[in-house]
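Q: Show me the folded form of this:
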Amino acid sequence: MRGLRGDGPRGGCLRNWAEIDLPAFASNVRTLCERSPGGRLMAVLKADAYGHGASLLAPVAEQAGVASLGVGDSTEALELRRAGARAPILVLGALVSSEIPLVVASGITPVIHSRGRLAELEEEARRQGRVLPVHLKVDTGMARLGMRAEKVPGAAREIARSPWLRLEGLMSHLAGPGSGGDSADRAQVRRFTGLLEELSRERLRPPQVHLRNSAAIFDDELKVPGETLVRAGAALYGFMAERPAAPGLLPVLSLKTQVVFIKDVESGSRVGYGGVFAARRLTRLAVVPLGYDDGVPPGLAQAGEVLVRGRRARIAGAISMDYTTIDITDVPGAKVGDEVTFIGAQERDRITVWDVARLAGTAPHAVVCGLGRRVVRVPAGEKVAVG
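A: Got it, this is the predicted structure:
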């Protein structure tokens, strides 16, 4: 399982690491459960829990009261099962044919996006002699995965006739910012609601109905009548995809490394690939072993900041594969072995994942999902030796 990625020892001496605040994650789960219908929340742990470590967070999510877990593919689902997850697991992504036998055999619930996959799943369930619960996904406006709305009633009737399939849920995905003030989001809600009414008239409405995600969970205007479940991804980890913050959510991840080398350069010296940084004075530089292979966005070159000894220090020059150079001229007493924070708090200052994403010209979830295997995930508070 990739939940504790990297080869460094837990509690040992690490070059770079991500501290995962498990109590903060549990608090976010409880906050989001309070916003969910009947307290039913699906914790979306795809992409290794958005880079935070799925095996680390799945048991915390279950203990905090989630109704189910969502993942991107069957590999992620099976990794969670092997790590001891007991909650129902929904594979949100589109299956490829080779995944189907294992999905049916493993008691994992798939989402059906097309009539073709419906037929394949039914045939495999019949072959194995297992009744398979499924969710149907309808495309209400994102134009990515899911059936067209007019195709869904026929698919639901086909499932109802099958002795091997059981329609457990209907879902869609909002393409907009998750705001009732957004006309595209409202249009998707109307299409989804109309389809539910049609299925209800034919007595085909499934027991689970879910549309809202992290972006929409705090907006009651986007509630669907009869909604039974909310899916939360980014919000679980303390940030929102479309805006900097949401009420009551706590940051979960801090990204840290340490100084491995210090040198002084004269005014006019060029630093790093392409020499894009030119020292304007006698400058003290620190090198840290965290580069773009570890998830530092190249867009932070010349613009990003880190925290050293509670002070902000600017990134100097381009981001390398394995290293980043920072200007510590104005950080008195900085030395080799000092802790350096890329995301998180030091003393009275904090750099958020939104700060990093804004400067890098990307999305906050892209930042945390991009953290590499050399960044070891450790629970916050666990002793980490540096130096």
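Q: What segments of the stretch 151-300 of the chain are helices?
A: 152-161, 183-201 (DSSP state H, counting those that start in this stretch).
Q: Compare those helices and give me the one nearest Ala61.
A: Of all those, helix 183-201 sits nearest to Ala61, with 25.8 Å by C-beta to C-beta. C-betas here are computed from N, CA, C, even on glycine.
Q: Please spell out which residues along the closest one are buried.
A: Residues of helix 183-201 classed as buried by neighbour count (16 or more other C-beta atoms under 10 Å): Asp185, Gln188, Val189, Arg191, Phe192, Thr193, Leu195, Leu196, Glu198, Leu199.
Q: can you check stretch 230-248 too?
A: Applying a neighbour-count criterion of 16+ other C-beta under 10 Å, the buried positions in stretch 230-248 are 230-241, 246.
Q: Can you give me the neighbour number for Gly274?
A: Summarising burial for Gly274: neighbours were counted as other C-beta atoms under 10 Å, giving 10.
Q: What of the one 5 residues further on?
A: The burial metric for Ala279, expressed as a neighbour count using other C-beta under 10 Å, is 19.
Q: Just the closest of the buried residues of helix 183-201 to Ala360, please.
A: Asp185 (26.5 Å).
Q: Contacts only, for the nearest residue to that closest one once chain neighbours are set aside.
A: Distance criterion C-beta to C-beta, 6 or more residues apart in numbering; nearest residue to Asp185, sequence neighbours excluded, is Gly176 at 4.1 Å. Shown in contact with Gly176 (C-beta atoms under 8 Å, 6 or more residues apart in numbering): Asp182, Ala184, Asp185, Gln188, Ala215.
Q: Can you give me the pLDDT of the closest residue to the first one other than its chain neighbours?
A: Distances taken as C-beta to C-beta, 6+ apart place Gly176 nearest to Asp182, at 4.3 Å, with adjacent residues excluded. pLDDT, the model's per-residue confidence, is 78 for Gly176.
Q: Make TSV out of the buried residues of stretch 230-248 and add distance to Ala143 and pLDDT.
A: Listed next are the buried residues of stretch 230-248 as TSV, based on distance: C-beta to C-beta, whole Å; pLDDT from 0 to 100:
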residue	distance to Ala143	pLDDT
Val230	23	97
Arg231	19	97
Ala232	23	97
Gly233	20	96
Ala234	21	95
Ala235	24	96
Leu236	26	97
Tyr237	27	97
Gly238	30	95
Phe239	26	93
Met240	23	87
Ala241	18	75
Ala246	27	72
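Q: quick one: which of these is nearest Tyr50?
A: Nearest to Tyr50, judged by C-beta to C-beta, of those is Tyr237 at 5.4 Å.
Q: Can you give me the distance of the residue nearest to Asp185 to Asp293?
A: Distance from Gly176 to Asp293, counting by C-beta to C-beta, to the nearest Å: 34 Å.
Q: quick one: contacts of whichever strand or helix holds Leu78?
A: Using DSSP states H and E, Leu78 sits in helix 74-82. For helix 74-82, contacts defined as C-beta under 8 Å, 6+ apart pick out 1-2, 45-46, 48, 54-55, 58, 69, 71, 89, 91, 95, 99, 102-103, 106, 108.
Q: so of those residues, which ones are in strands?
A: For the contacts of helix 74-82, the ones inside strands are Leu69, Val71, Ile89, Val91, with DSSP state E as the criterion.
Q: Can you tell me the SS state at the residue nearest to Gly51 when sequence neighbours are not counted?
A: Spatial nearest neighbour of Gly51, chain neighbours left out: Val368 (4.0 Å); criterion: C-beta to C-beta, 6+ apart. In three-state terms, and counting by DSSP: H, G, I helix; E, B strand; the rest coil, Val368 is helix.
Q: my read: Val368 touches Val353, true?
A: Yes. Between Val368 and Val353 a contact is recorded at 6.1 Å, counting by C-beta atoms under 8 Å.
Q: list residues touching both of those two?
A: By C-beta under 8 Å, 6+ apart, the residues touching both Val368 and Val353 are Leu253.
Q: Take the buried residues of helix 183-201 and write them to TSV, including distance to Gln346.
A: Formatted as TSV, these follow (distance: C-beta to C-beta, whole Å):
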residue	distance to Gln346
Asp185	38
Gln188	42
Val189	42
Arg191	47
Phe192	45
Thr193	48
Leu195	50
Leu196	49
Glu198	55
Leu199	53
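Q: Alright, I will stop here.
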